[in-house]
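J.: just a sequence and a predicted model for now, questions to come.
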Amino acid sequence: MSQAHIEDHVKLIARHEEEFLARRTPWERATDRIAIFIGSAAFIAVHLAIYMVWIVFNSLPQTQHFDPRPYSLLQTVSAMEAILIASLILMRQTRIGRRSDERDHLMLQVLLLSEKETTTLLNVNREIANEVGLGVVANSREAKTLSQDISIDEMAQTIRETLPKS
């Protein structure tokens, strides 16, 4: 494959990704930005600083403690934040899963098309081989088997029957 073909494929994939990202709603864009921040070192640093200041301030003598030990308000705020963070991350993972499913469906379509093309080419090659006197090769069991159409439904059923049940 030439470098130009590779570049064309990369551009096509990038365009598909850009289109997927452009279809996001404003809410999805916002949650993506938040989820990206949540997964950063800055998020951890900010939280460590907040917790440290909170605990130190509420432990200093001669200050009015708004959340004395055992810091029940801090625990409540942290628990509520954890619920929201988990929800945001799950929303993002769902969207990423949806995109992955789209890619899988596209890949399946490409593979099915490739299978049909390959089968057709094998049949053409077998006919050419028969015409030029290579009938032994053209009519070998392997060549005949590989040049037959494959039932995707039968293959899927065989896989379901063969894989261990979970």
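T.: The structure has been received and is ready for your questions.
J.: CA only for contacts and neighbour counts going forward, please
T.: Noted.
J.: longest helix in the chain, by residue count?
T.: Ordering each helix of the chain by length in residues (DSSP state H) puts helix 72-131 first.
J.: what's that helix packed up against?
T.: Applying 3 or more Cα pairs under 8 Å, 6 or more residues apart in numbering; DSSP states H and E, one finds that helix 72-131 contacts helix 26-38, helix 135-138, helix 141-146.
J.: can we see that at 10 Å?
T.: On a contact count with 3 or more Cα pairs under 10 Å, 6 or more residues apart in numbering; DSSP states H and E, helix 72-131 meets helix 3-22, helix 26-38, helix 41-57, helix 135-138, helix 141-146.
J.: and the last one, what other elements does it pack with?
T.: Of the remaining helices and strands, those touching helix 141-146 by 3+ Cα pairs under 10 Å, 6+ apart are helix 72-131, helix 135-138.
J.: now the ones you listed in JSON lines, with mean neighbour count?
T.: Shown next, in JSON lines, are the helices and strands packed on helix 141-146 (neighbours: other Cα atoms under 10 Å):
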{"stretch": "helix 72-131", "mean neighbour count": "14"}
{"stretch": "helix 135-138", "mean neighbour count": "15"}
